[in-house]
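Asker: here is the input, now give the coordinates:
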Amino acid sequence: MKKGNLKRWIAGASIMAMLVSNLGSDMSAMSVVHATGLNDPAIETSVESTVAEEPAQQEEEPAQEQASETPEETEQPSDAAVTGIVSDSTSTEAASDTASSESSAAPSESSAAATEDSAQSQTGSIKIAYTAGEGGMVSLADETVDLTSGTVTYQGSTATAADGYKFVNWTDEDEQIVSEDATFVPADLTEDTTYVANFEKDEVAEQKVTVTYEVSPKGSTTVAGEEEVTVGDNLTFTVKPGSKYTIGSVHVADKALTTTSDADSKNKAYTIEDVTKDLTVSIAMETAVSHPAFHDEKTVNGITITLDAAEGVLPAGVSMEANEVTSQVEDGVKESLDNEEGSAIAYDITLIDEDGNTLDNDEWSGNGYVTVNFSGERITAESEQADQVKVLHVDDQGNVQSTEKTISVAEDESVSDVEFNAEHFSTYVLWFYKNNHLLSYPGVTFYT
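Answerer: Numbering: from 1, shown residues only. Below is the predicted model of the structure:
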């Protein structure tokens with residue numbers, strides 16, 4: 001190979017090494033390779049800086065033929081020179097490959113950060129969500145905060161507990177408490193965040209309300225129902241009409257109530273839901289029968305018992321039954337009076353309606369009272385031995401109760417009758433005794 005051709009070969013190899021190393025990043029190298037093969041003047045100029053100008057490419061092949069024919073004129077490079085050339089070329093290619101690898105790796109490592117920064121720069125904001133747990137609500141569900149503004153502002157949210165609940169705290173996504181105030185305003189956030197307002201049931205003492213039942217006319221019905229109700233509970237009561245009465249209307253304030261009972265049921269049930277305050281139930285009764293003035297009397301074992309009532313107290317058709325029960329109750333009366341010396345006359349009195357049924361005291365007692373009179377020779381005889389006659393009442397459980405009626409008997413005198421007013425009937429006792437001092441007994445007090 002001629003000296004000129006050798007230099008040209010070395011220069012070309014160097015250029016090709018550079019082109020290969022830059023091939024991945026600059027496709028324009030292809031044009032350089034093409035230009036080199038076509039004796040591009042730009043490349044020739046670059047080569048001339050290292051090697052002297054050589055004949056054009058078209059003369060190259062004859063020159064090579066001539067060189068092959070006259071080997072003595074060819075200057076062969078030494079082995080060391082060739083090795084150096086190959087070594088330099090290999091080193092150049094390796095360096096080029098390393099640079100290319102580093103160049104391609106660098107963008108991949110910074111790509112994620114660049115993308116994140118790009119997204120942040122594009123939006124420049126974060127979203128904050130405020131949610132409410134069971135038992136409450138929040139004033140603001142979410143907000144978007146601009147982090148690129150000169151002053152970053154957070155609105156925050158206020159938690160409000162529902163009835164029967166109370167606010168506890170605010171927690172973050174890791175369930176860490178961030179505030180125990182109902183109004184919470186976050187600060188210094190850099191990413192989307194969710195906060196939860198927590199509530200719990202408010203265990204407070206039960207509150208009670210009072211229920212009052214007003215019946216018109218009095219004694220026309222009985223009401224079975226609670227007179228005290230827990231706030232928030234339902235109230236159910238039953239109206240039981242008295243003899244010859246029917247239910248006209250049932251109201252609470254101006255609201256009429258509708259019964260939950262069957263139409264053919266005499267007793268009617270009513271329900272008021274979710275009672276929250278004191279209330280008055282007004283019950284108006286209607287009657288299909290009259291309530292005329294009442295009079296009846298019975299004589300049993302020498303004692304005449306007379307009953308009288310004004311109009312409107314007892315329904316028409318009512319009658320009286322009376323039975324003496326002195327022997328059954330006298331010992332109990334004495335015992336309740338701490339065995340005080342005395343004597344008793346006792347009668348069990350019952351009112352019967354026109355159908356033969358016992359007339360309950362609640363069916364008429366609200367309308368007024370009945371005047372009761374005991375008379376007869378036995379009254380006269382017992383009173384001669386006493387200076388006091390006291391009227392006692394024995395209830396259905398056998399309890400002895402004092403009434404307001406007491407008659408004083410003057411010395412050596414007597415009384416022929418004892419009269420008092422009754423608002424209910426069972427057993428009444430006339431107790432005859434000597435009252436020389438103040439006597440006081442369980443449930444009974446006598447005065448001198």
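
Asker: tell me where the model's unsure across the stretch 51-200 of the chain.
Answerer: Where the stretch 51-200 of the chain drops to pLDDT under 70, the residues are 51-123.

Asker: how about the helices in the stretch 201-350 of the chain?
Answerer: Counting by DSSP state H, counting those that start in this stretch, the segments of the stretch 201-350 of the chain that form helices are 326-336.

Asker: would you map the strands across it?
Answerer: Counting by DSSP state E, counting those that start in this stretch, the stretch 201-350 of the chain forms strands over residues 208-216, 221-225, 228-230, 235-241, 245-252, 255-256, 268-272, 279-287, 294-300, 303-309, 319-324, 343-352, given from the N-terminal end onward.

Asker: tell me the strands beside the second one, with direction?
Answerer: Yep, that's strand 221-225 we're talking about. According to DSSP bridges, the neighbouring strands of strand 221-225, each with its direction, are strand 235-241 (antiparallel).

Asker: contacting residues for Thr212?
Answerer: In this structure, Thr212 makes contact with Glu227, Asp278, Leu279, Thr280, Val281, judged by C-beta atoms under 8 Å, 6 or more residues apart in numbering. C-beta coordinates here come from the backbone N, C-alpha and C atoms, glycine included.

Asker: quick one on the thing from earlier: make CSV out of the strands of the stretch 201-350 of the chain and add distance to Asp387 and mean pLDDT.
Answerer: Conversion of these to CSV gives the following (distance: least, C-beta to C-beta, whole Å; pLDDT from 0 to 100):
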stretch, distance to Asp387, mean pLDDT
strand 208-216, 43, 92
strand 221-225, 41, 91
strand 228-230, 47, 91
strand 235-241, 46, 94
strand 245-252, 46, 91
strand 255-256, 59, 92
strand 268-272, 53, 95
strand 279-287, 47, 91
strand 294-300, 27, 95
strand 303-309, 21, 96
strand 319-324, 24, 96
strand 343-352, 13, 94
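
Asker: figure out which of the ones you listed is closest to Ser179.
Answerer: Ser179 sits nearest to strand 228-230 of all the strands of the stretch 201-350 of the chain, at 34.7 Å, using C-beta to C-beta.

Asker: helices or strands up against that closest one?
Answerer: Counting contacts by 3 or more C-beta pairs under 8 Å, 6 or more residues apart in numbering; DSSP states H and E, strand 228-230 packs against strand 208-216.

Asker: mind checking the end-to-end distance for stretch 239-247?
Answerer: Using C-alpha to C-alpha, to the nearest Å, the end-to-end distance of stretch 239-247 comes to 8 Å.

Asker: for stretch 264-281, same thing?
Answerer: For stretch 264-281, the first-to-last residue distance is 23 Å (C-alpha to C-alpha).

Asker: residues in contact with that stretch?
Answerer: When contacts are defined by C-beta under 8 Å, 6+ apart, stretch 264-281 is touched by residues 209-214, 223, 225, 229, 231-241, 247, 250-253, 257-261.

Asker: tell me, how many residues neighbour Val275?
Answerer: When counting by other C-beta atoms under 10 Å, one arrives at 19 neighbours for Val275.

Asker: quick revisit: and the strands of the stretch 201-350 of the chain as TSV, adding distance to Asn435?
Answerer: What follows is the strands of the stretch 201-350 of the chain, written out as TSV (distance: least, C-beta to C-beta, whole Å):
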stretch	distance to Asn435
strand 208-216	41
strand 221-225	39
strand 228-230	43
strand 235-241	43
strand 245-252	44
strand 255-256	56
strand 268-272	51
strand 279-287	45
strand 294-300	28
strand 303-309	23
strand 319-324	25
strand 343-352	14
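
Asker: for those strands, which one sits closest to Glu419?
Answerer: Using C-beta to C-beta as the criterion, the shortest distance between Glu419 and the strands of the stretch 201-350 of the chain is 8.6 Å, found for strand 303-309.

Asker: pull the closest one out as CSV, backbone CA atoms only.
Answerer: Extracted C-alpha coordinates of strand 303-309, given in CSV (Å, rounded to 0.1, in the frame of the first residue of the first chain):
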residue,chain,number,x,y,z
ILE,A,303,-129.4,-0.9,109.7
THR,A,304,-130.9,1.2,106.9
ILE,A,305,-128.4,2.3,104.3
THR,A,306,-129.4,5.2,102.1
LEU,A,307,-127.6,6.4,99.0
ASP,A,308,-128.2,9.7,97.2
ALA,A,309,-126.4,11.3,94.2
